[in-house]
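S.K.: dropping a prediction and its sequence here:
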Amino acid sequence: MTPDLSRVSSLGELLRDALLTYKSNVALIEADRHRERRQLTYLETLTEAETLAATLENTLGVGERCAILMSNQSRWITGALAGCFSGAVLVPLDYKLTAKEQLALIAFAKPAVLLTEYSIYRDLKRLDDTGALSSVRVVVAEVPEKEPLGEGVESFPQADPELAQRFEHRPRSRSDVASIVFSSGTSGQPKGCMLTHDNYLEQAQVLARMFPMEESDRYFSVLPTNHAIDFMCGGVIPYLFGAAVVHQRTLRAEFLAPTMKRYGVTHTALVPRILKELRDKIEEQLADVPEWKHTVLRGLIEVNELVTMKAPKQPLSRAILYPIQEKFGGRLRMIFAGGAFVDPGLANYFYRLGFPIVIGYGLTEACTVLTVNDLAPFRGNTVGRPVNGVEVELRDVSTDGVGEVYARGRTIMKGYLDDPEQTAEVLVDGFLRTGDLGRFDASGHLQLVGRAKNMIVTEGGKNVYPEDVEATFDGLGCEDFCVLAESFVWPQGEARLTGSRLTMVLRPQEGRPIDDAIADMQERNRALKDYKRLGSYVLLDAEFPRTASMKVKRAELARVIRERGLRPQPLHTLVAVAVG
């Protein structure tokens with residue numbers, strides 16, 4: 001039964017009630033590669049969170065800020081619960097940022113408390129030359145024995161039932177700010193999105209009704225918990241139904257499927273980059289099976305595609321494709337995909353294997369999602385219709401039906417922290433200006449084509465969306481790739497001889513020659529319309545800079561290429577010249 005949240009006033013109230021309701025159920029499982037670190041029931045989770053809240057009672061007052069800077073683990077959740085119970089404003093920070101970037105965010109957010117883990121604290125302390133930590137009470141997890149922490153720093157307290165029972169929960173109202181979530185976007189400029197309790201409760205109610213769970217379900221938390229998707233799907237929704245959350249500390253694809261199998265994972269949220277890595281692992285394994293078995297599996301995949309054309313039929317899919325389904329535990333019922341442009345071919349790939357992909361579209365500024373594909377039927381080329389309570393419209397629509405996406409509803413943020421100018425730029429006439437470009441199909445589903453700031457206009461007046469072009473090269477035999485305009489990477493005057501064509505940035509796979517990937521790229525390039533074709537490529541042997549949701553930071557990538565003195569290599573294909 002889906003809970004009715006209409007009478008709930010805050011996240012703290014909602015989560016405390018859930019922890020008491022399902023107190024004997026398993027709430028949190030913390031996995032690290034092939035071993036389990038911790039497992040907590042709902043009651044143990046409540047006790048640990050209340051113990052921490054009581055410990056911080058004199059520091060963490062109502063409306064004070066509680067920053068959380070940790071990798072995926074159980075104490076991230078218990079720390080967030082402690083903050084909610086205290087009436088504090090949560091400030092989730094990205095543990096994958098550099099220590100300097102993290103210190104800058106801490107100085108800007110001015111939290112009263114910072115919850116972190118030892119390896120992260122050590123790096124922060126070493127580089128804190130501005131005193132960002134001097135006015136913050138720091139609580140550190142996983143401190144090595146006999147390791148001195150210094151003044152104002154302490155370890156996470158051990159759960160104490162007596163201390164926990166004495167703690168008095170502090171109420172908050174729906175209009176109060178619940179969290180400040182930093183959204184760097186692809187520009188690299190952090191913005192603190194102020195999200196209210198009403199934002200979260202409204203989003204939780206909508207998603208819980210669309211995708212109800214069962215007490216026996218297990219959600220696999222792989223994305224960083226500071227990410228809006230994972231905090232909602234792995235920090236709120238499962239607890240409404242008494243389900244368990246499995247935290248995995250590594251994003252490496254080879255550890256994902258074994259963990260899913262070990263714990264019988266039923267739900268997870270993944271970004272396209274992780275989906276691609278999983279697909280590559282599956283294809284590697286399929287390539288090793290005997291030819292006759294490979295042929296049989298391909299035939300079964302086609303049968304499954306036929307029977308699930310109108311809607312998922314998972315019991316049937318599990319029976320038809322048992323050898324593949326069993327590798328993921330045989331219980332995986334739903335994959336939520338978003339955070340970046342989801343290539344239709346990638347979504348279709350997993351759907352054909354019997355794994356329903358729920359493609360959503362949202363922004364941190366909108367709490368989690370604005371639109372969701374409802375799987376009735378599955379459409380890999382859309383991000384679905386607006387969810388209940390959200391209105392989406394297109395503005396400045398071009399002749400091909402593409403316009404900028406604007407949205408309004410109760411899940412839209414209050415504004416950016418201490419930044420009225422940027423707030424005014426994105427909150428326009430009661431709508432959130434997303435900066436994304438899209439069109440509606442005949443059934444009212446939204447199709448995204450790219451970011452407005454990434455759009456390239458050819459000399460012939462054609463609009464080219466890099467994300468659209470990149471979809472053509474999905475599965476290219478390289479570690480990573482990204483499409484840019486040459487004039488964006490090498491501004492005019494710096495590389496005049498190369499012109500202003502589209503270029504592909506390629507990161508080769510270690511130990512694998514890049515020649516095959518380049519030949520494949522050139523072959524696919526010929527199939528594109530002339531104004532979309534690549535004119536050159538660049539080889540970059542380094543990880544691409546990415547946001548928390550794994551989107552490529554294109555401006556930073558261009559800067560890295562220039563700093564390394566790299567130049568484009570021509571592709572022998574007729575192309576249209578593109579500018580800016």
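M.R.: On my side now, so go ahead. Numbers count the residues shown, from 1 in each chain.
S.K.: wait, doesn't residue 524 sit right on residue 474?
M.R.: No. Contact between residue 524 and residue 474 fails when scored by C-beta atoms under 8 Å: they sit 9.6 Å apart. The way it works is simple: take the backbone N, C-alpha and C, and place the C-beta from them, glycine included.
S.K.: please list all residues in contact with residue 66.
M.R.: 56, 60, 79, 82-83, 86, 88-91, 111-113, 115 (C-beta atoms under 8 Å, 6 or more residues apart in numbering).
S.K.: and if we set it to 10 Å?
M.R.: Listed by C-beta atoms under 10 Å, 6 or more residues apart in numbering, the contact set of residue 66 reads 52-53, 56, 59-60, 79-80, 82-84, 86, 88-92, 111-115, 137, 139, 179.
S.K.: check which helix or strand covers it.
M.R.: According to DSSP states H and E, residue 66 maps onto strand 65-69.
S.K.: from the chain's centroid, how far away is that strand?
M.R.: For strand 65-69, the separation from the chain centroid amounts to 19 Å (computed by C-alpha atoms, centre = their mean, to the nearest Å).
S.K.: sheet-wise, list the partners of it with their directions.
M.R.: Strand 65-69 has these partner strands in its sheet, going by DSSP bridges: strand 89-92 (parallel), strand 113-117 (parallel).
S.K.: what's the following helix or strand after it?
M.R.: Using DSSP H and E, the helix or strand that follows strand 65-69 in sequence is helix 74-85.
S.K.: mind jotting down where the helices sit in the stretch 151-300 of the chain?
M.R.: 161-166, 197-210, 228-235, 237-240, 253-263, 272-287, 291-307 (DSSP state H, counting those that start in this stretch).
S.K.: could you do the stretch 451-580 of the chain as well?
M.R.: For the stretch 451-580 of the chain, the helices defined by DSSP H, counting those that start in this stretch cover 466-471, 486-489, 515-527, 554-563.
S.K.: still on that earlier bit, closest to residue 6 out of the strands paired with strand 65-69?
M.R.: Across these, residue 6 has its closest neighbour in strand 89-92 (23.0 Å, C-beta to C-beta).
S.K.: return the distance of the closest one from the chain's centre.
M.R.: Taking C-alpha atoms, centre = their mean, the mean C-alpha location of strand 89-92 is offset from the chain mean by 17 Å.
S.K.: distance check, residue 343 against residue 87.
M.R.: 43 Å (C-beta to C-beta, to the nearest Å).
S.K.: so for those two, which residue has more residues nearby?
M.R.: Shown here are residue 343 and residue 87; by other C-beta atoms under 10 Å, residue 343 has more neighbours (22 against 19).
S.K.: need the contact list for the more buried one.
M.R.: Residues in contact with residue 343 (C-beta under 10 Å, 6+ apart) are 272, 275-276, 349, 380-381, 467-468, 470-475.
S.K.: let's have those in JSON lines, adding distance to residue 322, pLDDT and neighbour count.
M.R.: Putting these into JSON lines (distance: C-beta to C-beta, whole Å; pLDDT from 0 to 100; neighbours: other C-beta atoms under 10 Å) gives the following:
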{"residue": "272", "distance to residue 322": "27", "pLDDT": "84", "neighbour count": "21"}
{"residue": "275", "distance to residue 322": "22", "pLDDT": "88", "neighbour count": "21"}
{"residue": "276", "distance to residue 322": "24", "pLDDT": "85", "neighbour count": "18"}
{"residue": "349", "distance to residue 322": "18", "pLDDT": "91", "neighbour count": "22"}
{"residue": "380", "distance to residue 322": "24", "pLDDT": "86", "neighbour count": "19"}
{"residue": "381", "distance to residue 322": "29", "pLDDT": "88", "neighbour count": "17"}
{"residue": "467", "distance to residue 322": "35", "pLDDT": "85", "neighbour count": "22"}
{"residue": "468", "distance to residue 322": "37", "pLDDT": "84", "neighbour count": "19"}
{"residue": "470", "distance to residue 322": "34", "pLDDT": "88", "neighbour count": "18"}
{"residue": "471", "distance to residue 322": "31", "pLDDT": "85", "neighbour count": "17"}
{"residue": "472", "distance to residue 322": "33", "pLDDT": "87", "neighbour count": "18"}
{"residue": "473", "distance to residue 322": "33", "pLDDT": "90", "neighbour count": "21"}
{"residue": "474", "distance to residue 322": "27", "pLDDT": "85", "neighbour count": "16"}
{"residue": "475", "distance to residue 322": "25", "pLDDT": "84", "neighbour count": "15"}
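S.K.: of these, which is the nearest to residue 26?
M.R.: The closest of the contacts of residue 343, once distances to residue 26 are taken by C-beta to C-beta, is residue 275, at 27.0 Å.
S.K.: not counting sequence-adjacent ones, nearest residue to the closest one?
M.R.: residue 346 (5.6 Å; C-beta to C-beta, 6 or more residues apart in numbering).
S.K.: wait, a helix at that neighbour?
M.R.: Yes. Judged by DSSP: H, G, I helix; E, B strand; the rest coil, residue 346 forms part of a helix.
S.K.: okay, now it: neighbour count?
M.R.: So residue 346, with other C-beta under 10 Å, has 21 neighbours.
S.K.: ok, the nearest residue to residue 553 once chain neighbours are set aside to residue 107 distance?
M.R.: Counting by C-beta to C-beta, 6+ apart, residue 545 is the residue found nearest to residue 553 once chain neighbours are left out, at 4.3 Å. Using C-beta to C-beta, residue 545 is found at 22 Å from residue 107.
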